[in-house]
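A.B. asks: Turn this into a structure:
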Amino acid sequence: MRRRQQFLGRYLPGDGWLHRTPAGAKFAGLAVLSLVVLLVRSPGVSLTALGLVLLLGASARIPLRALVSPVRRVWLIIAFIVVFHLVFSDPVTALRVVSTILACVLAAGLLMLTTPVTGLLAVFAALARPLRAFGVDPDRVALTAALMVRSLAYLADLTAVTGDSARARGLERNLRARTVPVILGAVKYATDTGRALDARGLGDPDHGPERP
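C.D. replies: From the prediction side, this is the model:
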């Protein structure tokens, strides 16, 4: 059985400059880049952002295969978007939309590849800290965000593994073979996650996340 990989990439330990950059600064950079390409809506800007992300990845010594891994997992969706815009719009729009998606996905992947989970949790907690005035626990928000990211990554990989398994058995056109294992796996994952949280006392709404 192949080793599971997170959708946006697994953290790769390293000593490059991007690994040493604070998680908050990288998160802010991701937010700025995403806002620019989404608001400017220009193929030139999106392609420039995409090239910048690839350049940053190379300068941080991130393997190209690891950086583009998310694209390999969603290439069918990207291909559908290209065809859709070529048929119902124009090539320029297709180029702009696809380059925007690629820039945002690869930038998010670069953040995940160069930032440990503890760093991401700290960023989520810092962003949620102003909500403490309204009775919201920032640590619980951070934990929720981390669980969401992990769950989406797990489900994306589970879908890919199930598809590969069905294809290997000649059942790539069998809807049941492609969906039932995903549903059962998702239910088991949710159950296991809930039990793990309860075991640490994190499932009780009257108590915040357990502190070391």
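
A.B. asks: domain ranges for this structure?
C.D. replies: Domain ranges of the chain: 1-115, 116-212, per automatic domain parsing.

A.B. asks: What is the host helix or strand of residue 143 packed up against?
C.D. replies: Using DSSP states H and E, residue 143 sits within helix 138-168. Using 3 or more C-beta pairs under 8 Å, 6 or more residues apart in numbering; DSSP states H and E, the elements in contact with helix 138-168 are helix 117-128, helix 175-199. C-beta here means a position set from N, CA and C on the backbone, and glycine is covered the same way.

A.B. asks: about what we covered before: now the domains of the chain as CSV including mean pLDDT and mean neighbour count?
C.D. replies: CSV is the format used below for these (pLDDT from 0 to 100; neighbours: other C-beta atoms under 10 Å):
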stretch, mean pLDDT, mean neighbour count
domain 1-115, 86, 16
domain 116-212, 76, 14
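
A.B. asks: circling back: please tabulate the helices and strands packed on helix 138-168 in a markdown table, including the columns distance to residue 109.
C.D. replies: Formatted as a markdown table, the helices and strands packed on helix 138-168 follow (distance: least, C-beta to C-beta, whole Å):
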| stretch | distance to residue 109 |
| --- | --- |
| helix 117-128 | 13 |
| helix 175-199 | 22 |
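
A.B. asks: Among those helices, which comes closest to residue 81?
C.D. replies: For these, the distance to residue 81 is smallest for helix 175-199, at 21.6 Å, taking C-beta to C-beta.

A.B. asks: Distance from the chain centre to that closest one, please.
C.D. replies: 19 Å (C-alpha atoms, centre = their mean, to the nearest Å).

A.B. asks: Residues in contact with it: which ones?
C.D. replies: 147, 151, 154-155, 158-159, 162-163, 165-166, 169, 171-172, 203-204 (C-beta atoms under 8 Å, 6 or more residues apart in numbering).
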